[in-house]
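# Have a look at this prediction, sequence included:
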Amino acid sequence: MDFITSTAILPLLFGCLGIFGLFRLLQWVRGKAYLRNAVVVITGATSGLGRECAKVFYAVGAKLVLCGRNGEALEELIRELTASHATKVQTHKPYMVTFDLTDPGAIVAAAAEILQCFGCVDILVNNAGISYRGAIVDTTVDVDKRVMETNYFGPIALTKALLPSMIKRRQGHIVAISSIQGKISIPFRSAYAASKHATQAFFDCLRAEMEQYEIEVTVISPGYIHTNLSVNAITADGSRYGVTDKTTVQGRSPVEVAQDVLAAVGKKKKDVILADVLPSLAVYLRTLAPGLFFSLMASRARKERKSKNV
Ligand SMILES: NC(=O)C1=CN([C@@H]2O[C@H](COP(=O)(O)OP(=O)(O)OC[C@H]3O[C@@H](n4cnc5c(N)ncnc54)[C@H](OP(=O)(O)O)[C@@H]3O)[C@@H](O)[C@H]2O)C=CC1
Ligand SMILES: CCCCCCCCCCCCCCCC(=O)OCC(=O)COP(=O)(O)O
């Protein structure tokens with residue numbers, strides 16, 4: 001046995017590890033080359049994950065178009081990016097476009113401005129979004145619409161405005177930052193979970209339809225991230241939630257998640273879950289044992305109602 005181990009298994013093992021390592025290295029080099037000088041549009045770049053994505057894409061030499069509603073925050077980010085010299089590759093001063101994703105006219109104008117300025121878009125990262133907290137019975141349909149407009153109709157409108165130029169070039173990559181709540185629905189998040197399920201469905205359809213043009217579609221579904229998402233969430237009556245939940249505080253750092261987003265885009269992944277074990281398992285449970293999953297969610301709703309005395 002010792003003889004077999006030393007003469008056959010170990011060299012085979014090291015050989016496999018070597019090939020795997022080489023494969024990973026090649027993947028990494030190809031990913032970096034794919035992103036260098038690429039025109040990358042990032043929505044929701046003023047804060048949280050979008051801001052950190054801006055930093056990692058900038059550092060690999062992408063030509064950034066940073067989008068958001070707050071022009072001052074975008075200017076500050078551009079100042080911060082251009083002031084840092086911590087990268088070996090040639091970087092490009094980002095361009096900024098301010099618009100609200102709930103305004104269809106502004107989206108069309110923003111897309112036209114970007115195309116006029118850069119001639120094309122290589123990668124669109126649909127990151128901007130808002131969350132929601134509330135019971136369905138208390139929530140006005142206006143609130144449902146606001147969440148859908150920001151998280152679903154806005155991103156798909158921007159995607160549609162940029163797609164024709166990608167199709168013409170037979171080149172492009174659309175990224176949707178969804179959520180684990182695009183795969184499973186948890187109580188008191190109806191509008192948010194619905195908007196993320198719609199996102200998942202739309203971009204899955206898009207991926208299939210765009211294959212003939214060699215346009216890539218990546219849907220990324222993160223678990224909790226420590227950002228302003230919860231504090232900026234809207235409630236049943238449309239007011240701001242204003243609280244940073246414990247789950248948000250305990251979430252992953254947006255710096256790390258942005259690195260995972262960069263890697264997923266560089267590898268042209270189609271569908272990525274960036275969550276801890278329990279939420280990831282919950283996705284499988286929802287498919288394999290839906291009855292059990294629904295009981296767990298009902299119990300979660302009972303507990304939450306009790307803790308809030310509603
Ligand atoms: N944080 C988390 O736990 C998770 C987040 N996600 C997703 O990640 C994405 C980024 O969120 P995150 O960074 O966490 O949250 P933040 O609240 O920190 O960032 C949200 C971004 O979206 C922008 N935005 C919101 N509404 C609009 C609008 N109407 N028009 C244009 N831009 C808008 C905000 O810009 P402005 O400055 O204009 O408000 C801001 O830049 C979202 O899609 C979210 O659903 C997914 C899973 C988990
Ligand atoms: C085989 C055993 C399986 C055990 C499964 C147990 C089920 C556990 C349920 C876990 C639910 C996880 C919910 C995760 C939600 C999440 O990560 O959402 C990300 C967000 O988008 C956060 O937004 P929010 O506004 O809700 O903070």
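Perfect, thanks for sending it. Ligands and ions are numbered 1, 2, ... in the order given.

# need the residues of the protein near ligand 1, please.
Within reach of ligand 1 by C-beta under 6 Å from any ligand atom, the chain has these residues: 44, 46-50, 68-70, 73, 100-102, 127-130, 150, 177, 179, 222, 224-225, 227-229, 232, 248, 251. Any C-beta I mention is one placed from the backbone N, CA and C, and that applies to glycine too.

# Counting only strands, which of these make the cut?
Judged by DSSP state E, strands contain the following of the residues of the chain next to ligand 1: Gly68, Ile177, Pro222.

# Please report which of those residues has the highest neighbour count.
Most neighbours among those, by other C-beta atoms under 10 Å: Ile177, with 29 neighbours.

# Run through the residues that contact the closest residue to that residue other than its chain neighbours.
In this structure, Ile177 finds its nearest non-sequential neighbour in Asn127, 4.4 Å apart by C-beta to C-beta, 6 or more residues apart in numbering. Shown in contact with Asn127 (C-beta atoms under 8 Å, 6 or more residues apart in numbering): Ile42, Thr43, Gly44, Ala45, Leu49, Gly50, Cys53, Val175, Ile177.

# Pick the one among those closest to ligand 2.
Within the contacts of Asn127, the smallest distance to ligand 2 is 9.6 Å, found for Ile177 (C-beta to the nearest ligand atom).

# so who does that closest one touch?
Leu49, Val125, Asn126, Asn127, Gly129, Ile220, Pro222, Val261.

# quick one: which of those residues is most hemmed in?
The most crowded member of those, judged by other C-beta under 10 Å, is Val125 (30 neighbours).

# Helix or strand: which one has it?
For Val125, the host element (DSSP states H and E) is strand 123-126.

# Now do the buried residues in the helix ranked longest in the chain.
If you go by DSSP state H, the chain has its longest helix at helix 10-35. Buried residues in helix 10-35, defined by neighbour count with 16 or more other C-beta atoms under 10 Å: Gly31, Tyr34, Leu35.
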